[in-house]
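Colleague: fold the stuff below for me.
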Amino acid sequence: MITLAYVAIDKFNGLHKGDAQRLTHINFASAVVKDGKASIEHWTNCKGVLAFLKTRGNIKVSFTVGGLGAGGFSQAVATAESREVFAQSLVDIMNDFEFDGIDLDWEYPDDKIKYTALVSLLREKMGSKKLLTMAAGALASCVKGLEIDKLSQLMDFFNIMTYDMMNPSIVSHHTSLYESFLSPSMYGDEAVQLYQIAGIPKEKLVIGAAFYARIYKNVDGINLPSNGDPSDYLSGGYAGTLDFIEKAGGFSYDEKAEAPYVYNVQTREFITFDNPRSIKAKVDYVQSRGLGGIMFWEYLSDDEDSTLLKAIQEQKEYLAAMNTFVTDTPVFLCSSNNHTETVLMEATLKSNHVPVMINRRNAGDALMVYMAMSSTQADLYVPSKLYEKAKMLLSAEVDRVEDTEPDEDFLEYAEQTNLTRRSNAIAFVFLLYVLPIIVAVAFVLWSIARGDFWLWLFW
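Modeller: Now for the predicted structure:
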């Protein structure tokens, strides 16, 4: 699962302790478009970025061009000649700094055909080994403004900006996951569905989290008019959010939307933000739907303890533990009948990650787990409610997935074992319940036949 941080390049002074292991991708923001070319003249931290890139380890590092309110794109893509100049300037920056890719943040393309032409040209110049991504708007109009069918083949993934989705005229959430009374028209799940319906594979969709809060001032309560004052950014990042919460005496949580909020009656201020709980809900959403991952704006807005980034990693680890059988012996999953899909999983311990081989066949919803222990094989019944958890393994992040045929010897063993277990179960029920009833009825009938009323009553 992708964990991507957008980082304000001029404020960057290295990662907090442990964060290099929590991140898979970084997008440094941002280059601008100047005179038809990508420009980084305003970057004052080039030496720091270059030093970090030399020690980035496994993190994929790209740079972003554009951003909210950034101009110059329309002129840069206007003609084939201008696109050539613009694309080459982007590739030159990528090569000079040895970035792993380019992230396009044009908010928002006004000519989808020319935008696609730019992306196609970039992919040609960059090759297939470099990352080409884009920041994608969460509204239906943003989706309609793109040639999704073509872009989905050119882009590595799409970073959906599922934040800043508040209604400027109504006090509402800005980064909610689901619909609620505080997010009736814009929310993350809707944005994901828009892109999926448009044709982007789910594994190329990355949803966004907000490491900052939005604030409505001079408002009379939640879901009420904003009195003409548009929402603004709350200063201080997540630390500033925590300070606001403390002064307000706590926060509320919209369980339907999976989004926290605070309304301070005394100051008549409302803030909307992400916290560890809502971020973990987003990680759950990504995992359960098989999406590409989660990204956030902006890394330096987290507190010194990396509270929000840690929440992402903690939930990823929790889900991995819940959905993966970690063992130093092979584990097999199969079922006892032939009505629904089954998963046969063979796992072996490999440091802290489990490579998984998955086979599918028609089978039932009652799962059996077989563990190989030395030369013997023990079995353990798993309730059918765990079946869906087993199916989730299919969308879990694994080292390899192979569409191979099930092992016939094992399937024969499993079938025989299932027959034996069913036979044993029937015998157990018969001996424990049926046989005593038969004996009792027979004894009563025998007593009545003998006319021995007291013997029958004693029984």
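Colleague: apart from its neighbours in sequence, what residue is nearest the residue nearest the centre of the chain?
Modeller: Most central residue of the chain, judged by C-alpha distance to the mean C-alpha position with Cα atoms, centre = their mean, is Val286 at 2.3 Å. In this structure, Val286 finds its nearest non-sequential neighbour in Ile294, 5.5 Å apart by Cβ to Cβ, 6 or more residues apart in numbering. Backbone N, C-alpha and C define where each C-beta goes, glycine included.
Colleague: now name the helix or strand holding the one you found.
Modeller: The secondary structure element spanning Ile294 is strand 293-297 (assigned by DSSP states H and E).
Colleague: help me confirm that Leu309 is found in a strand?
Modeller: No. The assignment for Leu309 (DSSP: H, G, I helix; E, B strand; the rest coil) gives helix, which keeps it out of a strand.
Colleague: quick one: residues contacting it.
Modeller: If a contact means Cβ atoms under 8 Å, 6 or more residues apart in numbering, then Leu309 has Thr3, Ala5, Asp19, Arg22, Leu23, Phe296, Tyr299, Asp302 as its contacts.
Colleague: who are the packing partners of the helix or strand hosting the first one?
Modeller: Under the assignment given by DSSP H and E, the secondary-structure element containing Thr3 is strand 2-8. Packed against strand 2-8 by the contact rule (3 or more Cβ pairs under 8 Å, 6 or more residues apart in numbering; DSSP states H and E) you find strand 25-34, strand 293-297, helix 307-323.
Colleague: of those, which stretch is the most buried?
Modeller: Mean neighbour counts were taken over those using mean count of other Cβ atoms under 10 Å, and the top value, a mean of 24, falls to strand 293-297.
Colleague: what about it, average pLDDT?
Modeller: If you average the pLDDT over strand 293-297, you get 98.
Colleague: ok, now stretch 7-17?
Modeller: On average, the pLDDT along stretch 7-17 is 94.
Colleague: same question, stretch 31-49
Modeller: Mean predicted lDDT for stretch 31-49 stands at 95.
Colleague: which segments of the protein make up each domain?
Modeller: Each domain of the chain is listed here as a residue range: 2-211+275-321, 331-406, 414-458, per automatic domain parsing.
Colleague: low-confidence ranges in the stretch 201-350 of the chain?
Modeller: 321-350 (pLDDT under 70).
Colleague: what do you get if the cut-off is 50, keeping everything else the same?
Modeller: Low-confidence segments of the stretch 201-350 of the chain, defined by pLDDT under 50, are located at 324-350.
Colleague: and the helices in it?
Modeller: 237-248, 276-289, 307-323 (DSSP state H, counting those that start in this stretch).
Colleague: which residues touch the shortest one?
Modeller: With contacts defined as Cβ under 8 Å, 6+ apart, helix 237-248 is touched by 211-213, 215, 234, 236, 251, 262-264, 267, 269, 271, 273, 275, 300-304, 307-308.
Colleague: just the buried members of these?
Modeller: Of all the contacts of helix 237-248 considered here, the ones buried according to neighbour count by 16 or more other Cβ atoms under 10 Å are 211-213, 215, 234, 251, 262-263, 269, 271, 273, 275, 301-303, 307-308.
Colleague: okay, and which of the residues you listed map to strands?
Modeller: Counted as lying in strands by DSSP state E, out of the buried ones among the contacts of helix 237-248, are Ile215, Val262, Tyr263, Glu269, Ile271.
Colleague: ok, which pair from those residues is furthest apart?
Modeller: Ile215 and Tyr263 (10.8 Å; Cβ to Cβ).
Colleague: how about stretch 84-94: buried residues?
Modeller: Counting neighbours by 16+ other Cβ under 10 Å, the buried set in stretch 84-94 is Phe86, Ala87, Ser89, Leu90, Val91, Ile93, Met94.
Colleague: need the contact list for the residue lying closest to the first one once chain neighbours are set aside.
Modeller: Nearest in space to Phe86, with sequence neighbours left out and distances taken as Cβ to Cβ, 6+ apart, is Ala76 at 4.0 Å. The contact partners of Ala76, taken as Cβ under 8 Å, 6+ apart, are Val33, Gly36, Lys37, Ser82, Arg83, Val85, Phe86, Leu118.
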